[in-house]
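Asks: could you work out the structure for the sequence below:
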Amino acid sequence: MTAKLLDGKQIASEIRGELTRDVAAFVERCGIRPTLVAILVGDFAPSEVYVRNKERACQQVGIRSQVHRRGPETSEPDLLHLIEQLNQDRDVHGILVQLPLPRQIRESRVLDAIAPLKDVDAFHPENVGLIAQGRPRYLPCTPHGISQLLHRAGIKTRGKHAVIVGRSDIVGKPMSLMLMNRNSSVGPDGANATVTVCHTQTADLASVTRRADLLIAAIGRPKFITAEMVKPGAVVVDVGINRIASGLVGDVDFEAVKEVAGYLTPVPGGVGPLTVTMLLYNTLEAARRQIGDAADSAALRDAG
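Replies: Numbers count the residues shown, from 1 in each chain. Below is the predicted model of the structure:
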């Protein structure tokens, strides 16, 4: 058996085409262009690359983007002051703070300061709580991208056993909530899973992962998931991006696991393109909510 590859690039391109159409219609109807502001603090090279990619993606679909750059010596009060200014700016619909932050700035304090309606990363406690209650305002970009990937590939999660390896606030925790909820942005078939969350302290991890119909690897360790850890025919989603001597690899041993799994995402070209795409999705949704375009907001959720 050789796994069928889940092409994140192709699906991201499909969704961006839909977003381009929806953004143009929104601008024509409302006379307002959705605007995303990114804040980049410090000189961490990968963060600069990520922000540039987000700028290009915004341009592709017609969303206005701005970047506020601050030096590595920036203080926490100065950063919080900038965020408050953006919170009050009616022309700004989405705010994201690129992580990681310099050591002197508390990440939780900064993420909590972003107005929940402008929190397009869905990291604010209010937005996380709404996800836990099954009535999300916005969905975190990587988990939402995974949902879209599975849905558009015709893979249902209803009634399946999903195992998530990794418990981060960005992927593992929100993904587990989304999968166990009764409904999702793509309907009940994209939710209603039985979910197990594993991590570095899980005893006999392989015995758990081998029971997964859907295995999501988000632990941040190169080639950590081996063929022996995968149930034959399982859907394996690799969220990891690790740079080693030979280049970029995921958390899954791709060459070995593709001989066991039924479906598998590559790295690069799997989940990554969808993460940025769903950020654009959230920015348009945020603009709709902030101008009270309730009917159009509901239509966007239905289309998702």
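
Asks: helices of the chain, start to end?
Replies: Counting by DSSP state H, the chain has helices at residues 8-30, 45-61, 76-88, 107-113, 125-132, 141-152, 172-180, 205-209, 254-257, 272-290, 294-303.

Asks: need those in CSV with mean pLDDT and distance to residue 198, can you?
Replies: To be clear about C-beta, it is placed using only N, CA and C from the backbone, and glycine gets the same treatment. CSV is the format used below for those (pLDDT from 0 to 100; distance: least, Cβ to Cβ, whole Å):
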stretch, mean pLDDT, distance to residue 198
helix 8-30, 97, 23
helix 45-61, 92, 26
helix 76-88, 98, 34
helix 107-113, 96, 24
helix 125-132, 97, 20
helix 141-152, 98, 16
helix 172-180, 98, 9
helix 205-209, 97, 6
helix 254-257, 97, 16
helix 272-290, 97, 22
helix 294-303, 49, 31
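
Asks: nearest to residue 159, out of these?
Replies: With Cβ to Cβ as the criterion, residue 159 lies closest to helix 172-180 of the helices of the chain, at 11.5 Å.

Asks: what's stretch 224-235 in contact with?
Replies: The contact list for stretch 224-235 (Cβ atoms under 8 Å, 6 or more residues apart in numbering) reads 1, 150, 155, 165, 205-206, 209-215, 217, 236, 238, 240, 251-253, 256-257, 259-264.

Asks: at 6 Å instead, please
Replies: Outside stretch 224-235, the residues that touch it by Cβ atoms under 6 Å, 6 or more residues apart in numbering are 155, 206, 209-210, 212-215, 217, 251-253, 256-257, 260-263.

Asks: how long is it from one end to the other?
Replies: 16 Å (Cα to Cα, to the nearest Å).

Asks: could you do stretch 121-137 as well?
Replies: 11 Å.

Asks: and it, what's buried?
Replies: 121-124, 127-128, 130-131, 136-137 (16 or more other Cβ atoms under 10 Å).

Asks: could you export those as a markdown table, including distance to residue 106?
Replies: What follows is the buried residues of stretch 121-137, written out as a markdown table (distance: Cβ to Cβ, whole Å):
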| residue | distance to residue 106 |
| --- | --- |
| 121 | 17 |
| 122 | 19 |
| 123 | 13 |
| 124 | 15 |
| 127 | 19 |
| 128 | 17 |
| 130 | 23 |
| 131 | 23 |
| 136 | 25 |
| 137 | 24 |
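
Asks: which pair in those spans the largest distance?
Replies: 121 and 130 (13.9 Å).

Asks: thinking again about what came up before, so for residue 192, which of the helices of the chain sits nearest?
Replies: Closest of those to residue 192 is helix 172-180, at 7.7 Å (criterion: Cβ to Cβ).

Asks: how far does that closest one sit from its chain's centre?
Replies: 12 Å (Cα atoms, centre = their mean, to the nearest Å).

Asks: begin at 665, not 1, for the rest of this chat.
Replies: Will do, 665 is the new start, and the previous item becomes helix 836-844.

Asks: now the angle from that helix to helix 789-796?
Replies: Inter-element angle recorded for helix 836-844 and helix 789-796: 30 degrees (by axes from the mean of the first three to the mean of the last three Cα atoms, to 10 degrees).

Asks: mark which of the contacts of stretch 888-899 are buried, thanks.
Replies: 819, 873-874, 876-879, 881, 915-917, 920-921, 924-927.

Asks: which of those fall in strands?
Replies: Among those, the ones falling in strands (DSSP state E) are 878-879, 881, 927.

Asks: which one of the residues you listed is nearest residue 770?
Replies: The closest of these to residue 770 turns out to be residue 881 (Cβ to Cβ; 29.0 Å).

Asks: which residues sit in contact with the closest residue to that closest one other than its chain neighbours?
Replies: Computed as Cβ to Cβ, 6 or more residues apart in numbering, the closest residue to residue 881 that is not its neighbour in sequence is residue 915, at 3.9 Å. Residues counted as contacts of residue 915 (Cβ under 6 Å, 6+ apart) are 881, 883, 885, 888-889, 902, 904.

Asks: residue 954 versus residue 935, what's the distance?
Replies: Using Cβ to Cβ, to the nearest Å, one obtains 28 Å as the distance from residue 935 to residue 954.

Asks: which of these two has more residues huddled nearby?
Replies: residue 935 (28 against 18; other Cβ atoms under 10 Å).

Asks: what sits opposite residue 702 in the beta ladder?
Replies: residue 731, residue 760 (DSSP bridges).

Asks: residues contacting it?
Replies: Residue 702 makes contacts with 715, 731, 760, 762, as judged by Cβ under 6 Å, 6+ apart.

Asks: surely residue 760 and residue 787 touch.
Replies: No. Counting by Cβ atoms under 6 Å, residue 760 sits too far from residue 787 to count as a contact (8.8 Å).
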